[in-house]
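>>> Structural data only, the sequence is not supplied:
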């Protein structure tokens, strides 16, 4: 059966699980597309620099087309949720930074992930998965003011 | 309109262009799925180590679910077309290595890519794209013996 997936469903299918990181990456990618005034990925045209490697980068790869294979997704070891998309041909630059609170959700998720790996009762396992999904939902539900520390688009 | 894409079409859509590297990555990923006896990606279950970063890794991300964001796609700076997939839970390891001839195709493609970036007549531009697609097709058409230097699956 052929099913048209939403961008979020495509991201989850590619990433393989639901977590706060991928939820955050989805929000970052969708906001960048909005700033670009587009629905389709800039792909080869763009370069993305991210401040750290985390699950959310998979959403940027899928929705913006800056991929690890091509090399136009570059990660700096800054340990910040900081993202810079540039379109060199158009001298356009979009800069986003997230509030540090995402780290708290990511830490909670890591604890659940470790718990999921350890031998536990089956009942608790489905509870853990539900808690993981709930954490991702909380990230999705944050107001823009709680989520973004900075959103800046400039022509250079 | 809803269109069911083939695995190759999904890979090209994700990667954003057709090139010898992504054709090679597609063949590697499909062979790994065949060795695993599966059509669906092992995703979180697997770890992939690759000998170098190149376009083809995008096919491994999409078809095997070992992604850069999750961190289960790891690249060693060996400059070899070498790939190792392990399923730690099942102590299974698949090792693939490609003959060095892929580097020749990749080099030819890089030259075309540079030519495409430079100001050229529109007529020549479509020729260049056709030559790029032709190079990818040549990689797809290589016999297994010409393409794979090593294919080994072992239970440890």
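Sure thing, it's come through. Note that the coordinates shown come from a computational prediction; the quantities given were computed from them, not determined experimentally.
>>> Report the separation between the residue positioned nearest the centre of chain A and chain B.
Central residue check for chain A by CA atoms, centre = their mean: the C-alpha nearest the mean position is that of residue A:25, 0.9 Å away. Distance check for residue A:25 against chain B: by CB to the nearest CB, to the nearest Å, it reads 7 Å. Every C-beta, even on glycine, is put in place using the N, C-alpha and C of the backbone.
>>> For the closest residue to that residue other than its chain neighbours, grab the count of nearby residues.
Once its chain neighbours are removed from consideration, residue A:25 has its nearest residue in residue A:56; the separation is 2.5 Å (CB to CB, 6 or more residues apart in numbering or on different chains). Number of residues near residue A:56 (other CB atoms under 10 Å in any protein chain shown) recorded here: 30.
>>> and residue A:56, what is it in contact with?
Each residue near residue A:56 by CB atoms under 8 Å, 6 or more residues apart in numbering or on different chains is listed here: A:21-26, A:28, A:81, B:69.
>>> Which residues of chain A lie near chain B?
Contact residues (CB under 8 Å from any CB of the partner chain) of chain A with chain B: A:2-4, A:14-17, A:21-22, A:25, A:41, A:43-44, A:53-59, A:61-62, A:65, A:67-71, A:73.
>>> Make sure residue A:94 is indeed in a helix.
No. Counting by DSSP: H, G, I helix; E, B strand; the rest coil, residue A:94 is not part of a helix but strand.
>>> thinking again about what came up before, looking at the residues of chain A next to chain B, which are in helices?
Secondary structure of the residues of chain A next to chain B is defined by DSSP state H; positions in helices are A:14-15, A:21-22, A:25, A:57-59, A:61-62.
>>> Off-centre distance for the lengthiest helix in chain A?
Counting residues, the longest helix in chain A under DSSP H turns out to be helix A:122-141. Put simply, helix A:122-141 sits 17 Å off its chain's centre (CA atoms, centre = their mean, to the nearest Å).
>>> what residues does that helix touch?
Defining contact as CB under 8 Å, 6+ apart, one finds that helix A:122-141 is touched by A:17-20, A:22-24, A:26-27, A:102, A:105, A:108-109, A:112-113, A:115-116, A:120, A:147.
>>> Test my guess that residue A:51 contacts residue A:95.
No. In this structure, residue A:51 is not within contact of residue A:95 by CB atoms under 8 Å, at 10.7 Å.
>>> Common neighbours of those two, please.
Counting by CB under 8 Å, 6+ apart, the shared contacts of residue A:51 and residue A:95 are A:82-83.
>>> For PyMOL, what selects the buried ones among the contacts of helix A:122-141?
Selection of the buried residues among the contacts of helix A:122-141 in PyMOL, burial being defined by 16 or more other CB atoms under 10 Å in any protein chain shown:
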select buried, chain A and resi 17+18+19+20+22+23+24+26+27+102+105+108+109+112+147
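>>> Can you report how many residues lie near residue A:111?
Based on other CB under 10 Å, the number of other residues close to residue A:111 is 11.
>>> Make sure it is indeed in a strand.
No. If the criterion is three-state DSSP, then residue A:111 is helix and not within a strand.
>>> So it versus residue A:64, what's the distance?
Between residue A:111 and residue A:64 the distance, using CB to CB, to the nearest Å, works out to 30 Å.
>>> can you check residue A:85 too?
For residue A:85, the distance to residue A:64 under the criterion CB to CB works out to 7 Å.
>>> Can you check which residues contact both of the two?
With contacts defined as CB under 8 Å, 6+ apart, the residues adjacent to both residue A:85 and residue A:64 are A:32, A:42, A:46, A:48.
>>> residue contacts, the third one?
In this case it means residue A:46. Counting by CB under 8 Å, 6+ apart, the residues that residue A:46 touches are A:64-66, A:72, A:85-87.
>>> per-residue pLDDT, residue A:136?
The score at residue A:136 is 97. That number is its pLDDT.
>>> Excluding chain neighbours, what is closest to it?
Leaving out its chain neighbours, residue A:136 is closest to residue A:23 (CB to CB, 6+ apart), at 4.2 Å.
>>> now residue A:11
Nearest residue to residue A:11, sequence neighbours excluded (CB to CB, 6+ apart): residue A:59, at 4.8 Å.
>>> Repeat that for residue A:5.
Taking CB to CB, 6+ apart, and ignoring the residues beside it in sequence, residue A:5 has residue A:13 as its nearest neighbour in space, at 6.7 Å.
>>> Count the neighbours of the one you found for me.
Look at residue A:13: counted by other CB under 10 Å, it has 14 neighbours.
>>> any idea how far it is from residue B:152?
Computed with CB to CB, the distance linking residue A:13 and residue B:152 is 30 Å.
>>> what's the answer for residue A:145, then?
Relative to residue B:152, and taking CB to CB, residue A:145 is found at 54 Å.
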